[in-house]
Every structure is written in C-alpha cells, then in structure tokens.
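Asks: sequence and predicted structure are below.
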Amino acid sequence: MKGYPSAFVEQLAIIRKVRTWQEDKKLSATQVGELLAHYSNDLYQPNVFIKIGLFLFTGLACSFFTSLMFLIFAPAFTNSFEQETLFLSTVLSISFAIALEYVIRVKHFVSVGIDNALLYACLITIFYGVNMLLGAYLSSTTILLGMALIALLATIRYGDSLVGGATLFLFTCTLISFLDRYELGKTLMPFITMGFAAAVYWLVLYCQKREDAFYYETCYDFLEVMSLLLFYSGGNYLIVREGNALLHDIYSKPSPQIANAPLFYFFTLSIPLAYLFFGLKKQNRLILGVGGLTLAFSIFTYRYYFAIMPIEWALTLGGVALIAIALFFIRYLKIERGGFIDKEQHGSLTQGLTEIALSHLVQDVLPKQPTKGEEGFRGGDFGGSGAGEDYQ
Amino acid sequence: MTAKQVIESLHAKGLLSEEEARRLTQEEKARPFSLFYELRLLLYLGIVLLCAGLGTLVYQHLDSLGHQAIVGFISLAMFGTFAYAYFHRKAFSWDEVHASKLEDFSLLASALLFLILEGYVQYQYRLFGERYELATFLPALVFFPCAYIFDHRGVLAMAITALASWLGIKIAPVSLWWTANFSSFSLINTAILLGIALATVGILSEIYQRKKHFTFTYLLFGLNLATVAALVGLFQYSYHVTYAVVVAILALFAVGYARRTQAYQFLLMAVIYGYIAFTYCLSFIPLPTDLDAWLIVLYFIFSGIAVIAFLLNIKRILKN
C-alpha cells in the first residue's frame, strides 16, 4: 500500500535524529560520520533551498505539460467539453502518477520537492476532473466526500502532510455541508464538529503507537495541530455566533445571540488554557503553539463583543504585559528549571530572517521624501500600489 | 521516530555500543525543553503591540503632552537602552563576539528609538528642512559603527537599509520584489553599483577576516539588490546585452559562493533570477506564428527539466 519504500523513510528519520545529536554535541563528528556511513549511500537528501527550487521547477514543468496536452488533444474534442475534460484529466493524472512512482522507485526520492510537486499535480487534476464532470449531477456533499476519500487514499499511500491536512479539511467540509441540510444539524453543528475533531485527534494518537508510525511522522504532527484547531473552532463563541448567522442567512449586525452562550464562553476561555497547560506538561511544542494561537483568538473574540477599554490602551497594556512575561522567563530560564530552558536552536531556514525583518521595519520608519513630480523619487508613503492616486 | 526507537534500531544493528545507547537514552530523557523561539515571539509581539498603542496614545494626547515632553521621553529611553548596551559590551574583536541577549536587545531598541526620534523631530520641527537625504544618511552614519563595535548583524542590516534609502532605493527584499519600479535609468544603475559594492565589502570582510560573519548579511542584501535591479533594467531599457551580462555574472558569482559555503539560498536566488533573465532574452528570437504556442510550451517543459537536472547534480557539476 505504501508508495515510498519504508526502509528509506525509516533511514531518513534516523539520520535526522542523529544530526540533532550532533548539533547538541552528544555524539562526536567522527561517531556521526561512522553512523551515517552505514546509511546515506543511495538516498538523496538535498538542502532545503534546493528542495524549494526542485519543487518550483517541477511545478513549472507540470503546468506546461498540461498546456502541451491541451494543445495536442483539444482539436480532437471540438464539440464535447465533457469528453475533453474526462480524457485530459485522466491522461494528465495518470502521467503525473507514473512520473511520481518512477522518481520514487527508480530515483529513490523521498520528499525532495519533485515527488511532492508531482503528487499535488496528480491530485489537482483528479479533483478538477471530478468537479467538472460530476458537479452537475451530484450534490456538493457527495462530491466533497468523494474528494475526501481520494485524498485519504493518497495520504495512506504517500504520508504527505499537506495531503493529510487537505484530507481532514475535505472531510470537515463534507460534514458541514451535510449538517447544513437539516435544521437540527445546524443547531448541533458546533458539538458534532468538536466531536469529529476529538475523534480525529484520538485516531492520530492511536495511529502514532502503530508499528508504521515513522512513515507518517510529519503527517501525524500536522493532523494533530489541525484537529486541535478544529476542536477549538467548533467551540469558539465568535465562530459559532457568526457562523450561525451565516447559516441562517442573517446579515444584520450585530448578529443574533446564540443558544447556550455561556457554554461557548466557557469553551472559548478554557480550551486555549487547557492546550497551553498540556503543551507544557507534555513538553509538546505543537500543542503549545496551538495554545498560544487560540488564546490570541479568544482575546480577539472577547474584544469583538465587549470593548472594556479603548483599543490603544489595550494594545499598550497588552504589549507591556507580553514584554514583561517574555523578559521574566528569558531571565528565569537562563538555567534549566523544571525541565525547561531558554537556549538558542539553529536552523538554516531562519538564517537572515531577523535582518530582513529589521530592514523592512527601518524602511517604514525612516523619514520619507514627499512625493515629487520629479522622476526617480517616487519612493515615499505610497509604495508601488498607491501610485495610482498621483499618476492616473 | 522517537529517540528511543532510533537508539534501539542503531543498537540492534550494532552501530551503537551498549554503553553509548544507555548514555544517549539517559540524556534524551533529561533533555530540557527549550522555549527560545516561543519567548522571542512573545517579546517581539509585545514590542509591536506596545509601539502601536503608544503611537496612538501620543498622537491623541499631543496637545496636553507637549512636544518637548515627548522628545525628552523618547531621548531618555534611547540613551537609557544605549547606555545599558554600552556598559555591558564585550571587548572589541574582529571576530564574532557572543553578547548576551539582553544587551543585543537593548542596542536594537535604542537604534529603533533613534529612528523614531529622528522621524518625530523632522515631522514636528523640520530639523532637516527639505534635506531628506540627510535624514536617511544620518542613521547610516550612526548604525554602521554601532554594528561593528557591538558586533550586531541586525543593526548592520538597519545601516544597509538606511544607506540604500539615502540613495533613494528600497532594499528590503519584499518591497524590492513587489514595488520594483526603479523609475529612472540612473536609479537602476545606482542600485546595481550599490549592490555590487555591498557584495564586495562582504567578500573583503571574509578575505581579510574583518567580521567575516557579516559577509552573509552584506551578500544577502547586495546580491539581491544588484540582480533585481539588473533584471528591471533588462526589462525596461534598451541596453539588453549589458544588463543580461550583469545578471549572468552576478548569478554565476552567487552559485560559486553557494557552492563554497553551502549557503544554498544564494544558489536558489541565482537559479530563479538567471532563469527569468535567460527566458526573457530568448523572447527576442522571432518565432513562426503558427508554431509559437508549441515552441513556448515545449521550451518551458524542457527548460524546467533542465533546471531540475542541474539542481539534482549540483554537487557533481560544481566539483569540477
């Protein structure tokens, strides 16, 4: 069933772990060299920027391959759009699938950008075909369900995180579009969504204990984050209240109060706190991040309906509080305390990011030349997009 | 895979001795959880919120606060943070100096406050009158020495940005890509020269071992600016050959540097910019009208595959 040879994926996971030990100086360079000598012979693992380049140019080649197929076959189907779509999406998706299997089996590529791009190209053409051909005959719920099942099969075979995320998204859409048909479904939607998210979360936890969990490692992490976010979205007061208004085609502001409001207040406050607590307790960076994100959205939710103080005071005090908390913990965690520490970690992707961010900041703050009629000094307040006002 | 599984697998294959395996298992268990990025994110978020909030408050209460009070307050904060950084600085060295986080942060804060103060006095008192170039040159003049004395790459990036602004150029990458409208011929050439100059400084710092860890920052801004400016020149003005050659030289240089230092972001930059320039140059070849769609489509497919092949074999190609 699996697209990539399991041995390769396992090997990659081992190499990654050994490298972190090398960075943490738990193994010497010679030890690492000896260990890796047993592994990395026929597995190609390029630098992340090369992967980005491979992904981009594979995408380019795939899109122009699509154009080429249109050029070749379009004249044959002058009067039947349906036949043309059926034929082309079949030919294209099969070509991409063959290319994908080829680069995996012959070239031994595991997640190097090329295989990812081919997998996405294949799925996109299938989804396009399904939508165009069946859209007129089947309900949107059925179509969404069909796409979700296809994405699920692709996830099981290739273990790709993005495809896994798309699968969860499509199943969620299917569920919502199904519930939307019934009045009771609309009423129970938040609870059913939360139940669905919880079920997905437990399923992922269960699968992580399986023998083949290493094959889906990043995919499971991604699904864990997505299901936690979905669970929160199902219980968030703002999403439920505004979503409820939207489902009932009510566009007046403010939107009407919802039933069981106190329950949703409770969810909005308690879910992020629970995430933060369990993130710290389990020392899980992903849950911690989700906790921070959802807490910020809960604060936004509160402010959306009840403004207890003007925005500028809220920003100032919130800013002071955040800075104080951050500075306190940066000092407090200089040494390890309770299993936590504040120690720099390295990653090549983030190199130069601070400099670029600062450069943008400086450009915004620097005193600006007012716009003159003179050529060459158009810089200033309006940037490129604002030029319309002066130059039309 | 969990660390435990990896250790077991390595041990089972005889690649880790019993003792090593036990040591690693123990250390993995005791490994503290680092909150480095989480805390930095909170800190920066806090600063952004505070600046937005304070900015609005100051604007609303301008009349009751009085300009002198505001200027005094900003100056006080600026000198305070600068003094902290100054009195806690490490001894100067041409090598990399590892400063404490708080000291780095104070310097950054004082540099930002300097810009805010300058902007405020210019807005309120017209300190520099119509001489805006002075207002952008001054920060560059202050920030460059600070970057070297305190060994701070962030302040170096700020200095480079100010220097570019003084010449009327937006160097920050995203604004460079989106608003790449060098509306005059001379501005494009200035940008190319500035970019090359920055890259040269970067290379010289490496050769002469003068803050050689600054090389990456100089090259990142310099090469990006020069190549984008040359591309715009290629698109907008009629000296196609000259600009194409400039792009080619810069791209080759970036590839060579990436190969030597393993900084593959430069390789990706060179490949993308080079590909755009090459494709644009090809568009001057007249095509037979009944075949043009076919040739264009085939060109993109095969050139795409060629670039993929180049990237896949980069190590082998560049070794020779």
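Replies: Ah, there it is. Residues are numbered from 1 along each chain as shown, chains lettered A, B, ... in the order given.

Asks: hmm, which helix or strand of chain A has the shakiest average pLDDT?
Replies: The weakest-scoring helix or strand in chain A, judged by mean pLDDT, DSSP states H and E, is helix A:387-391 (a mean of 33).

Asks: ok, now which ones touch A:Val204?
Replies: Applying C-beta atoms under 8 Å, 6 or more residues apart in numbering or on different chains, we find A:Val204 in contact with A:Tyr220, A:Leu223, A:Glu224, A:Ser227. All C-beta spots, glycine's among them, are computed from the backbone N, C-alpha and C.

Asks: with neighbour count added, can I get these in CSV?
Replies: Formatted as CSV, the contacts of A:Val204 follow (neighbours: other C-beta atoms under 10 Å in any protein chain shown):
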residue, neighbour count
A:Tyr220, 20
A:Leu223, 23
A:Glu224, 19
A:Ser227, 23
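
Asks: what's the farthest-apart pair in these?
Replies: Distances among those were taken as C-beta to C-beta; the most separated pair is A:Tyr220 and A:Ser227, at 10.3 Å.

Asks: output the below-cut-off pLDDT ranges for the chain.
Replies: In the absence of a named chain, chain A is used. Scanning chain A with the threshold set as pLDDT under 70 gives A:40-42, A:345-351, A:367-392.

Asks: could you do chain B instead?
Replies: In chain B, residues with pLDDT under 70: B:1, B:179-181, B:183, B:319-320.

Asks: in it, which spans are strands?
Replies: All strands of chain B, identified by DSSP state E, fall at B:33-34.

Asks: quick one: which of the contacts of A:Val204 is nearest chain B?
Replies: A:Tyr220 (11.7 Å; C-beta to the nearest C-beta).

Asks: who touches that closest one in this structure?
Replies: A:Tyr220 makes contact with A:Val204, A:Cys207, A:Gln208, A:Ala213, according to C-beta under 8 Å, 6+ apart.

Asks: so which of these is the closest to B:Val228?
Replies: A:Val204 (43.5 Å).

Asks: following element in sequence after the helix or strand containing that closest one, please.
Replies: Per DSSP states H and E: A:Val204 is located in helix A:183-208. Sequence-wise, the next helix or strand downstream of helix A:183-208 (DSSP H and E) is helix A:217-235.

Asks: apart from its neighbours in sequence, what residue is nearest A:Leu152?
Replies: Take A:Leu152 and drop its neighbours on the chain: the residue closest to it by C-beta to C-beta, 6 or more residues apart in numbering or on different chains is A:Thr167, 5.0 Å away.

Asks: what's the burial count for that neighbour?
Replies: Counted with other C-beta atoms under 10 Å in any protein chain shown, residues neighbouring A:Thr167 total 24.

Asks: that one reaches A:Thr155, doesn't it?
Replies: Yes - counting by C-beta atoms under 8 Å, A:Thr167 does reach A:Thr155; the two are 5.1 Å apart.

Asks: circling back to that earlier point, mind checking which of the contacts of A:Tyr220 are buried?
Replies: Buried members of the contacts of A:Tyr220, scored by 16 or more other C-beta atoms under 10 Å in any protein chain shown, are A:Val204, A:Gln208, A:Ala213.

Asks: any idea how far chain B is from the first one?
Replies: From A:Val204 across to chain B, the span is 15 Å (C-beta to the nearest C-beta, to the nearest Å).
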